[in-house]
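S.K.: Prediction below, plus the sequence it came from.
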Amino acid sequence: MKRGDILLIGLIVAVALVFLVPRWLGNNTSENNHNNEERVAKITVDGKLFKTVALTGEEQTIDINTEFGYNQLKVHSYGIEMIDADCPDKVCLTFGFIDRNGGTIVCLPHKLMVEVVATGGGDDVDALIK
């Protein structure tokens, strides 16, 4: 490695640290405001609301038995994930853990959808155009 290569790598690392260090210090108020919202998971089966679950740190298991099939959800760490299903393809198990507003888990064979939504006052009108 030449001296110029080492200087270039050092410069790239220094620039990257300039952008990452403020985030590590926890001064990102925008991120904190969004993370402090209370969130719920809306579970719908065949387009109809089945259940609304508060996403808490407390662990709980939700069993969903319908005429379409069986699914099992697990709420923990302020999020939710699908842990079991009897559908043939099991694609719904690959969605993983969701905890952010707008995150979804879908099981098409069972017509099931789980969506994370914030319960805060973010549904106000931002602008009106005539």
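M.R.: Alright, I've got the coordinates.
S.K.: Could you check how far stretch 69-83 is from the centre of its chain?
M.R.: With C-alpha atoms, centre = their mean, to the nearest Å as the basis, stretch 69-83 stands 12 Å off its chain's centre.
S.K.: go on, stretch 96-109?
M.R.: The answer for stretch 96-109 is 7 Å, by C-alpha atoms, centre = their mean.
S.K.: Contacts for it, please.
M.R.: If you take C-beta atoms under 8 Å, 6 or more residues apart in numbering as the criterion, stretch 96-109 is touched by 34, 37, 39, 55, 68-69, 71, 73, 77-82, 85, 87-89, 91-92, 95, 112-118. Backbone N, C-alpha and C define where each C-beta goes, glycine included.
S.K.: and with 6 Å instead?
M.R.: 71, 78-79, 81-82, 85, 87, 92, 95, 113-116, 118 (C-beta atoms under 6 Å, 6 or more residues apart in numbering).
S.K.: Now list the buried members of these.
M.R.: Among the contacts of stretch 96-109, those classed as buried by 16 or more other C-beta atoms under 10 Å are Asn71, Gly79, Glu81, Met82, Ala85, Cys87, Cys92, Phe95, Met113, Val114, Glu115, Val116.
S.K.: returning to what we had before: the contacts of stretch 96-109 in strands, which ones?
M.R.: Asn71, Gly79, Glu81, Met82, Ala85, Met113, Val114, Glu115, Val116, Ala118 (DSSP state E).
S.K.: Turn those into CSV, including distance to Gln60 and pLDDT.
M.R.: Formatted as CSV, the ones in strands among the contacts of stretch 96-109 follow (distance: C-beta to C-beta, whole Å; pLDDT from 0 to 100):
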residue, distance to Gln60, pLDDT
Asn71, 15, 96
Gly79, 12, 93
Glu81, 12, 95
Met82, 14, 95
Ala85, 18, 95
Met113, 19, 96
Val114, 14, 96
Glu115, 18, 96
Val116, 15, 94
Ala118, 20, 86
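S.K.: Just flag the most distant two among those residues.
M.R.: Ala85 and Ala118 (26.3 Å; C-beta to C-beta).
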